[in-house]
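Chemist: Turn this into a structure:
(chains A, B, C and D)
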Protein chains: 2
Amino acid sequence: MTFTYEYPRGALTVDCVVFGLDEEELKVMLIQRDLPPFEGQWALPGGFVQVEESLEDAARRELQEETGLDRVFLEQLYTFGNIDRDPRERVVSVAYYALVKLSNHRVHAATDARDAAWFGVHDTPSLAFDHAKIFSLALERLRNKLRYQPIGFELLPKKFTLSQLQHLYEIVLERPLDKRNFRKRVLGMGLLIETDEVEQDVAHRAARLYRFDERKYRRLVKAGFHFEL
Amino acid sequence: MTFTYEYPRGALTVDCVVFGLDEEELKVMLIQRDLPPFEGQWALPGGFVQVEESLEDAARRELQEETGLDRVFLEQLYTFGNIDRDPRERVVSVAYYALVKLSNHRVHAATDARDAAWFGVHDTPSLAFDHAKIFSLALERLRNKLRYQPIGFELLPKKFTLSQLQHLYEIVLERPLDKRNFRKRVLGMGLLIETDEVEQDVAHRAARLYRFDERKYRRLVKAGFHFEL
DNA sequence: TTACTTAGTGTTTTTAAGACACTAAGTAAA
DNA sequence: TTTACTTAGTGTCTTAAAAACACTAAGTAA
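Modeler: Residues are numbered from 1 along each chain as shown, chains lettered A, B, ... in the order given. Now for the predicted structure:
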């Protein structure tokens, strides 16, 4: 079966920059292409948008199919539409970035992808298409967003210590932060709930666990508040 | 002549939210549709992306064709891809917003558009498609951007007084600003060049004219500076 | 019991933002 | 030419936020 139009139409794809947090590093998920063009090269997970699905649905579906990731934080980044960004034909790509709790998700390479793996953001191989550009924009966006919106929690387990959270900020922003000032700010925000649990199996004093008060956050955003961390 | 593909393909459009500054109000440029769907209704200027032009090129071309606007500040806003946003078929639209110096550009309605006109941003008619959503996102983006990037100059003539600039900020942000604090901040930024001219034909003390130091701005941005106004 | 590691906690200093009112310069009208 | 009117232009004080800074507490391991 084929589909015919009066004027030529480019193809539409989505690409996802998936960030995860390892113990010591910010990582990005890449897949190794199993088909031409750029066969064997690493690339961002993504693929064609089907005609009866929304852009975000397409992004989630591709993530699921290619990397097994599910129910992640996902936000639109930018749309890339240079005419020769794909050697085959005109392809416009809507890029998304995603944040996942690395601990939850063991990667399994899947359809379309020879392999899927996490790379340190400073240790990425050369990427297919204009994906290096997409990736660097995503990293920049993540850093900016982290400053003024509480999205860091998306990279941590549900319950986390303040040290873990600070560590996350230090890794993403790539600079050390003062412990007392950090705790002051982050608690002063009023979006963390202190649980009655502490971390387990550590060889030193155990830290209290907190969780993010997502309900309160949603309520405040709806009411027009802006958050600056 | 027709074009045939193996899978169905949606259409791709660009839509532009064009802002201009009147004496007393922030305005948006709308066109009245001359063709179905939504014939006769007001809409954002925009149209189909051709297969051999980039997204930004398409936006500039449509602006030129439909409103006669040329060489404007243009930046990508967001991509809208809900499956039923166009009653005819699947259409994904990449939205841009533009800032123009209203004084320069007299509007002339043009091809595809029955009419083109400026509307106060609080006085817009009901819009075709999901254009109301696009418009309100653009307005929000403009306000946020104005806070931390010096883009306001795009709405003013090349040479302007500090009062005009303050007035612009007050109109866009919809709140009064303190004259002395405003001048302190804006001059402290170091991106304004004092000319040796003053405004003409005013019935009171004439104010000094300034211009935006675009070179310096570009240089600093390249060097990684961030600007907060 | 001692050494080691990370958790947890306030105060001071510095910097940026906000509030606030008068004089200067020009035009227009009496 | 004097006077009234309008907008330009200018600094200081107050307040709030950010940054700098060091010790004690609690637990584990040797």
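
Chemist: my guess is A:Phe80 contacts A:Ala95, does it?
Modeler: Yes. With contact defined as Cβ atoms under 8 Å, A:Phe80 counts as touching A:Ala95 (6.2 Å). The C-beta positions use only the backbone N, C-alpha and C, and glycine is treated the same way.

Chemist: quick one: common contacting residues for the two?
Modeler: In the contact map built from Cβ atoms under 8 Å, 6 or more residues apart in numbering or on different chains, the residues linked to both A:Phe80 and A:Ala95 are A:Ile134.

Chemist: What residues sit buried inside the longest helix belonging to chain A?
Modeler: Assignment by DSSP state H gives helix A:131-148 as the longest helix of chain A. Judged by neighbour count (16 or more other Cβ atoms under 10 Å in any protein chain shown), helix A:131-148 contains these buried residues: A:His131, A:Ile134, A:Phe135, A:Leu137, A:Ala138, A:Leu139, A:Arg141, A:Leu142, A:Lys145, A:Leu146.

Chemist: Please identify which helix or strand holds A:Lys216.
Modeler: Remark: A:Lys216 resides in helix A:214-222, with elements defined by DSSP states H and E.

Chemist: Contacts (any at all) between chain B and that helix?
Modeler: No. Using Cβ under 8 Å from any Cβ of the partner chain, helix A:214-222 stays clear of chain B, coming no nearer than 12.9 Å.

Chemist: rewinding a little: so between A:Phe80 and A:Ala95, which is more surrounded?
Modeler: More neighbours surround A:Ala95 than the other of A:Phe80 and A:Ala95, with 26 against 23 (other Cβ atoms under 10 Å in any protein chain shown).

Chemist: middle-most residue in chain A, spatially?
Modeler: For chain A, the residue sitting closest to the mean C-alpha position, by Cα atoms, centre = their mean, is A:Ala98 at 2.4 Å.

Chemist: That one and A:Val17: what is the separation?
Modeler: In this structure, A:Ala98 lies at 7 Å from A:Val17, with Cβ to Cβ, to the nearest Å as the measure.

Chemist: now A:Arg208
Modeler: Using Cβ to Cβ, A:Arg208 is found at 33 Å from A:Val17.

Chemist: hmm, back to that, ok, and for the helix holding A:Lys216, which residues are buried?
Modeler: Going by neighbour count (16+ other Cβ under 10 Å), the buried part of helix A:214-222 is A:Tyr217, A:Leu220.

Chemist: centre of the chain versus it, how much separation?
Modeler: Taking Cα atoms, centre = their mean, to the nearest Å, one finds the center of helix A:214-222 at 21 Å from the center of the full chain.

Chemist: outside of it, which residues touch it?
Modeler: By Cβ under 8 Å, 6+ apart, the list of residues contacting helix A:214-222 from outside reads A:Pro150, A:Gly190, A:Leu191, A:Phe227.

Chemist: In ChimeraX, select just the buried ones from those residues.
Modeler: One line in ChimeraX is enough to select the buried members of the contacts of helix A:214-222, burial here meaning 16+ other Cβ under 10 Å:
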select /A:150,191
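
Chemist: So which of the contacts of helix A:214-222 is the closest to DNA strand C?
Modeler: A:Gly190 (15.1 Å; Cβ to the nearest atom of the strand).

Chemist: Please report how far the closest residue in space to A:Ala11 that isn't next to it in sequence lies from B:Ile151.
Modeler: Leaving out its chain neighbours, the residue that sits closest to A:Ala11 by Cβ to Cβ, 6 or more residues apart in numbering or on different chains is A:Val91, at 4.7 Å. Look at A:Val91 and B:Ile151: by Cβ to Cβ, they are 30 Å apart.

Chemist: The two: who's more crowded?
Modeler: Residue environment comparison for A:Val91 versus B:Ile151 gives the larger neighbour count to A:Val91, 19 against 16, counting by other Cβ under 10 Å.

Chemist: Surely that one and A:Leu12 touch.
Modeler: Yes. With contacts counted by Cβ under 8 Å, A:Val91 reaches A:Leu12, the gap being 7.4 Å.

Chemist: Now pLDDT too, for the buried residues of helix A:131-148, in CSV please.
Modeler: As requested, those are exported to CSV (pLDDT from 0 to 100):
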residue, pLDDT
A:His131, 98
A:Ile134, 98
A:Phe135, 98
A:Leu137, 98
A:Ala138, 98
A:Leu139, 98
A:Arg141, 97
A:Leu142, 97
A:Lys145, 94
A:Leu146, 94
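
Chemist: Filtering the residues you listed by proximity to chain B, which remain?
Modeler: For chain B, no contacts are drawn from these by Cβ under 8 Å from any Cβ.

Chemist: Identify all contacting residues around stretch A:23-41.
Modeler: Contacting residues not belonging to stretch A:23-41 are listed as A:17-21, A:42-45, A:66-67, A:69, A:86-88, A:100, A:102, A:107, A:109, A:112-121, A:124-129, A:135, A:171-172 [Cβ under 8 Å, 6+ apart].

Chemist: mean confidence score for it?
Modeler: Along stretch A:23-41, the predicted local confidence has a mean pLDDT of 93.

Chemist: Repeat that for stretch A:65-77.
Modeler: Stretch A:65-77 shows a mean pLDDT of 93.
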